[in-house]
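[1] Provided below for reference: sequence and predicted model.
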Amino acid sequence: MNTVRRGAAALAAAAVVFGTGAALALPAAAAPSPAPSTSGRADGLYGTNDPTYDGVWRQSYAFLAQRGAGFQPADLAVDWLLDQQCADGSFSAYRADPTVPCDAKTMRDTNATALAVQALGSVRRESMFPEKVDKAVKAGDGWLRSVQNKDGGWGYTPGGPSDANSTSLVVGALGATGIKPGSYTSVEGRTPYDALLTFALPCTDKAGAGAFAYQPDKTGKLLANADATAAATLAGLGKSIVSTKASPEQSPTCQDLTKPTAERAALNGASYLAKALAKTGHLTAPPMPGSTDTTEKPDIGNTADAVLALAAAGATKEAQPAVEWLEKNSAAWAKESGPAAYAQLILAARATEADPREFGSADLVEQLNALGPEPKTPDTSAAATSDDESGFDVWWIIGIGMVVGVGIGFLVSGRKK
């Protein structure tokens with residue numbers, strides 16, 4: 001998912017280059033970075049670029065993509081991620097010296113924590129130290145609950161205003177680790193879905209019918225944001241970034257209900273994404289804050305996220321032109337951006353039943369695996385989907401009771417801002 005992590009690096013770069021203090025609520029494209037080397041770091045971290053803003057994020061994304069491809073990350077890589085966790089269960093973007101305990105000055109990050117929790121949950125069964133991993137997952141889930149906002153959602157940092165991306169990431173992580181996100185109620189009795197619905201635009205909105213906003217702007221107005229829409233579509237459907245193609249297929253439509261549900265809002269979001277992709281086969285990114293270049297450029301990461309969301313909503317047909325566009329145009333971007341980019345493409349390909357081993361001219365799985373410690377041989381007897389996804393989708397069917405005029409296939413499968 002092309003969420004807050006991509007923006008952290010981009011906004012930091014913008015602040016250095018342009019001397020501006022960009023707000024986290026603004027979407028941004030990925031910051032340029034040196035091409036990663038063809039081998040991973042000796043300490044277990046994926047990629048060789050500066051991990052200051054995305055170390056935990058890219059490591060976690062790599063794990064989820066590898067599990068989706070049937071690989072088990074190396075124990076060295078799993079140990080690296082475990083060492084990044086603070087004693088209270090939270091994660092920061094990156095801790096250069098994990099032997100130094102986290103304190104009040106440590107910048108805890110709900111996005112890094114949510115993705116790390118989901119990634120660790122996906123590898124624990126085949127880990128060399130499953131009890132340690134299980135303890136880390138439970139601690140991370142507990143910390144996320146402790147920083148839930150009154151409206152039921154989460155912000156990028158504890159205490160920050162809720163946003164659609166962060167809330168969706170946490171929903172995905174909780175569900176994927178066997179917890180009903182709906183049971184996480186705030187002190188005012190609000191659930192994460194209550195928060196998500198506050199970011200949904202109505203179908204009557206001319207500019208963004210069915211979309212989700214990242215956050216309300218300064219005037220309280222909701223503005224369509226494709227990144228937030230892709231994230232919230234997955235969360236509203238009860239799915240995470242390791243989702244697979246939903247069945248039966250159905251073209252998404254936008255429909256306002258008198259009493260809205262997260263699922264209906266998610267399908268409205270899929271409708272928005274389908275229309276946005278239909279124009280050019282890809283999404284675009286706004287210019288970086290302060291840049292003299294005002295032209296919009298293709299946003300490959302968000303396009304991959306939109307493809308994943310559409311497949312999860314049963315709209316694989318609408319996603320197919322974007323898959324073909326990605327196959328032709330993503331290779332250089334992935335090489336420049338590193339592990340998380342390869343992971344996004346692998347998960348998008350997997351969701352649409354494209355072959356990540358032959359994605360255009362690239363073997364995405366081989367290229368990702370080369371950026372870190374060699375993973376364990378694929379276990380063909382136990383597909384990654386068996387434990388990486390079922391925990392999320394099963395509770396949704398039996399526990400949330402939100403099936404509104406949609407086939408059950410929508411709810412059963414097999415996210416730097």
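    On my side now, so go ahead.

[2] What residues sit buried inside stretch 76-93?
    Residues of stretch 76-93 classed as buried: 76-82, 84-86, 89-93 (neighbour count, 16 or more other C-beta atoms under 10 Å). C-betas here are computed from N, CA, C, even on glycine.

[3] Actually, stretch 185-199.
    The neighbour-count check on stretch 185-199 (16+ other C-beta under 10 Å) flags 186, 190, 191, 192, 193, 194, 195, 196, 197, 198, 199 as buried.

[4] My reading is that the fifth one lies in a helix. Confirm?
    Yes - Residue 193 forms part of a helix when assessed by DSSP: H, G, I helix; E, B strand; the rest coil.

[5] Let's see the pLDDT reported for it.
    Listed pLDDT for residue 193 reads 97.

[6] do the second one as well
    The model reports residue 190 with a pLDDT of 96.

[7] Might you report the residue contacts of the closest residue to it other than its chain neighbours?
    In space, and not counting its chain neighbours, residue 190 is closest to residue 152: 3.2 Å by C-beta to C-beta, 6 or more residues apart in numbering. Contacts for residue 152 (C-beta atoms under 8 Å, 6 or more residues apart in numbering) come out as 162, 167, 184, 185, 186, 188, 190, 191, 192, 193, 194, 195.

[8] In this structure residue 217 contacts residue 199, no?
    No - counting by C-beta atoms under 8 Å, residue 217 sits too far from residue 199 to count as a contact (11.8 Å).

[9] Test my guess that residue 199 contacts residue 161.
    No - assessed by C-beta under 8 Å, residue 199 is found out of contact with residue 161, at 11.2 Å.

[10] hey, what's in contact with both of these two?
    By C-beta under 8 Å, 6+ apart, residue 199 and residue 161 have these common neighbours: residue 215.

[11] So which residues of the stretch 101-250 of the chain form helices?
    110-123, 130-146, 164-176, 192-197, 226-236 (DSSP state H, counting those that start in this stretch).

[12] any chance of the ones you listed in CSV, with distance to residue 297 too?
    What follows is the helices of the stretch 101-250 of the chain, written out as CSV (distance: least, C-beta to C-beta, whole Å):
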stretch, distance to residue 297
helix 110-123, 24
helix 130-146, 34
helix 164-176, 21
helix 192-197, 29
helix 226-236, 14
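
[13] between those, which gets nearest to residue 370?
    Each of the helices of the stretch 101-250 of the chain has some distance to residue 370 by C-beta to C-beta; the shortest is helix 110-123, at 18.9 Å.

[14] For that closest one, what does the pLDDT average out to?
    Averaged across helix 110-123, pLDDT comes to 97.

[15] for it, the distance to its chain's centre please.
    In terms of C-alpha atoms, centre = their mean, to the nearest Å, the centre of helix 110-123 is found 10 Å from the chain centre.

[16] Stretch 246-266 too?
    Using C-alpha atoms, centre = their mean, the offset of stretch 246-266 from its chain centre is 20 Å.

[17] shaky segments in the stretch 251-400 of the chain?
    Flagging of the stretch 251-400 of the chain using pLDDT under 70 yields the residue ranges 378-400.

[18] Break down it into its helices, ranges please.
    For the stretch 251-400 of the chain, helices defined by DSSP H, counting those that start in this stretch occupy the ranges 262-280, 300-312, 316-329, 331-337, 339-351, 364-369, 385-388, 390-395.

[19] I'd like the ones you listed written out as CSV, with mean neighbour count added.
    Putting the helices of the stretch 251-400 of the chain into CSV (neighbours: other C-beta atoms under 10 Å) gives the following:
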stretch, mean neighbour count
helix 262-280, 24
helix 300-312, 30
helix 316-329, 19
helix 331-337, 18
helix 339-351, 29
helix 364-369, 23
helix 385-388, 18
helix 390-395, 20
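
[20] how about a markdown table for the ones you listed, with distance to residue 246 added?
    Output for these, formatted as a markdown table (distance: least, C-beta to C-beta, whole Å):
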| stretch | distance to residue 246 |
| --- | --- |
| helix 262-280 | 10 |
| helix 300-312 | 6 |
| helix 316-329 | 8 |
| helix 331-337 | 26 |
| helix 339-351 | 9 |
| helix 364-369 | 22 |
| helix 385-388 | 13 |
| helix 390-395 | 10 |
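
[21] who wins for proximity to residue 139 among the ones you listed?
    Short answer: helix 390-395, nearest of these by C-beta to C-beta, at 17.8 Å.

[22] Residue 169 and residue 110 touch, don't they?
    Yes - Residue 169 is in contact with residue 110 according to C-beta under 8 Å; the separation is 7.4 Å.
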